[in-house]
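Asker: Kindly generate the corresponding structure for this input.
(one chain, ligands or ions: 2)
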Amino acid sequence: MNVTEILQFADQLIINKTGKRLDDLQKTVITGVYEGKTYETIAEECNRSESRVRSVGRKLWQILSESLGEDVNKHNFCWTIERVINNSQFYNFGNNQINYCHNDNNESSKNTKQGIKNKLYYDLTIAPKINRFCDRTSEIDTLSKWILNQNTHLISILGLSGIGKTTLVKRFIDLHQQKFDAIVWRSLKFPQSLDLLLDDLLKHHKLDSLPTINDKLKQLFDILTNKKCLIILDDLQNIFIPSQFAGKYQPEYQDYQTLFKMITETQHQSSVILISQEQCPEMECLDEELYPIKSLELSGLDNPEILKNTGLKNKDSWLKLIKLYLTGDKAVEDEMWQ
Ligand SMILES: Nc1ncnc2c1ncn2[C@@H]1O[C@H](COP(=O)(O)OP(=O)(O)OP(=O)(O)O)[C@@H](O)[C@H]1O
Ligand SMILES: [Mg+2]
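Answerer: Ligands and ions are numbered 1, 2, ... in the order given. Below is the predicted model of the structure:
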């Protein structure tokens, strides 16, 4: 169970009890406790007094204790939430409503299947937190149209390093998270074989003892068909051979081709976003008119706001720096160094 799930569950309990969502400080306290930090460290990290953080924690545990009908404190909080979720016959925290039932063997066990189907799962642990987001409204609209309206199966977000690919996709998720039953964000910065990636994606599902890659793919596609899932594979270029023609797989990652072909060709209700500096070969040779695939190539942002908080003091240089990045203009570069 990751911190996002714990925050969502706590958020719904708090809404049910108080009518208000978790505020930023409450989220910070829960995240800190989940990470095993002391109140003192949490207070230091968020620039609040320790007494304030303690008091927020005390109130949280009190509300959660009343909601769950058992004693919740800093030391048993994560485990209690996890246990309640796991013992519940049914829960759904995606629509401002939470239902759970502690009974393990009553008649509602027939709802278990339904519960699993409705269970939301978001694993965004390694996705970046976006504090500031400029422009890119047309790109967000385009992604929304492709993924939410047209059920495009495979989308690649392309562009130079630092152009804003990862940021754009995370922003899209922040805006539309609730529209998916499951979201999993994985990075291929240090790539792993398809077999290991499938194990990872299916880690909460019961597998036969020695399933083949085919069994695992079959199970994955059952899920992609029954639920609306979004899988993000960031830094995909690392499975390709460096400094060669775009998108040639390294031999040990050739299997990914099968995954991408299946995502494109089978019927399901989910989407996979590939974030990459290089186009994936499957996408290059398929016609976007005929297959549910789309590519979005990002260009640079011409907005000085993007350089805020970077520590660059001289505002006059911001525009020059942006121009240099967008055009690679040698005259601008020479001028900047003068
Ligand atoms: N729309 C935006 N608004 C504000 N800041 C942005 C925006 N897009 C990108 N940035 C900032 O630019 C930096 C680089 O963005 P990002 O990491 O998304 O690039 P990238 O294309 O994924 O790069 P790489 O290919 O190296 O992973 C980040 O610090 C990010 O915060
Ligand atoms: Mg990136």
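Asker: okay, and for the stretch 201-338 of the chain, where does confidence drop off?
Answerer: 207-210, 244-246, 301-338 (pLDDT under 70).
Asker: typo on my end, the stretch 1-150 of the chain
Answerer: In the stretch 1-150 of the chain (pLDDT under 70), the answer is 1, 86-119.
Asker: Tell me which residue of it lies closest to ligand 1.
Answerer: Proximity of the stretch 1-150 of the chain to ligand 1 (C-beta to the nearest ligand atom) peaks at residue 134, 3.8 Å away. C-betas here are computed from N, CA, C, even on glycine.
Asker: what's the neighbour count on that residue?
Answerer: Residue 134 is flanked by 14 other residues according to other C-beta atoms under 10 Å.
Asker: let's number from 269 now, not from 1
Answerer: Right, with 269 as the first residue, what we last looked at is residue 402.
Asker: which SS state does it fall under?
Answerer: coil (DSSP: H, G, I helix; E, B strand; the rest coil).
Asker: got the residues of this structure near ligand 1?
Answerer: Residues of the chain found near ligand 1 (C-beta under 6 Å from any ligand atom) are 400-404, 427, 429-435, 545, 569, 574.
Asker: hmm, try it at 5 Å
Answerer: 401, 402, 404, 429, 430, 431, 432, 433, 434, 435, 574 (C-beta under 5 Å from any ligand atom).
Asker: At the geometric centre of this structure, which residue sits there?
Answerer: For the chain, residue 392 is the residue whose C-alpha lies nearest the centre (C-alpha atoms, centre = their mean; 3.4 Å).
Asker: and it, what are its phi and psi?
Answerer: In terms of degrees, to the nearest 10, the main-chain angles of residue 392 are phi -120, psi 30.
Asker: ok, for the residue of the stretch 419-568 of the chain found nearest ligand 1, nearest residue in space, not its chain neighbours?
Answerer: Nearest to ligand 1, among the residues of the stretch 419-568 of the chain, is residue 432, at 2.8 Å (C-beta to the nearest ligand atom). Nearest non-adjacent residue to residue 432, counting by C-beta to C-beta, 6 or more residues apart in numbering: residue 566, 6.0 Å away.
Asker: before we move on, what about residue 420?
Answerer: residue 414 (4.1 Å).
Asker: Identify the residues contacting that neighbour.
Answerer: By C-beta atoms under 8 Å, 6 or more residues apart in numbering, the contact set of residue 414 is 420, 423, 539, 562.
Asker: Break this structure down into its structural domains.
Answerer: Listed by automatic domain parsing, the domain ranges of the chain are 271-387, 390-564, 572-605.
Asker: circling back: the residue nearest to residue 432 against residue 431, yeah?
Answerer: Yes - the criterion here is C-beta atoms under 8 Å, and residue 566 meets it with residue 431 at 4.9 Å.
Asker: re the thing from before, in three-state terms, label the residue nearest to residue 420 for me.
Answerer: Three-state assignment for residue 414 (three-state DSSP): helix.
Asker: Show me the helices in the stretch 369-518 of the chain, by range?
Answerer: 380-386, 405-412, 433-444, 462-469, 481-494 (DSSP state H, counting those that start in this stretch).
Asker: Single out the most deeply packed of those.
Answerer: Of all those, helix 433-444 has the most neighbours on average by mean count of other C-beta atoms under 10 Å, namely a mean of 19.
Asker: Distance from the chain centre to that one, please.
Answerer: 8 Å (C-alpha atoms, centre = their mean, to the nearest Å).
Asker: Likewise for stretch 418-426?
Answerer: On C-alpha atoms, centre = their mean, the centre of stretch 418-426 falls 16 Å from the chain's centre.
Asker: For it, which outside residues touch it?
Answerer: So stretch 418-426 is in contact with 411, 414-415, 433, 436-437, 504, 528, 531-532, 536-548, 550-551, 560-566, going by C-beta under 8 Å, 6+ apart.
Asker: still on that earlier bit, contact partners for the nearest residue to the residue nearest to the centre of the chain once chain neighbours are set aside?
Answerer: Once flanking residues are discounted, residue 392 sits nearest to residue 453: 5.0 Å by C-beta to C-beta, 6+ apart. Residues counted as contacts of residue 453 (C-beta under 8 Å, 6+ apart) are 391, 392, 393, 394, 395, 438, 441, 500, 502.
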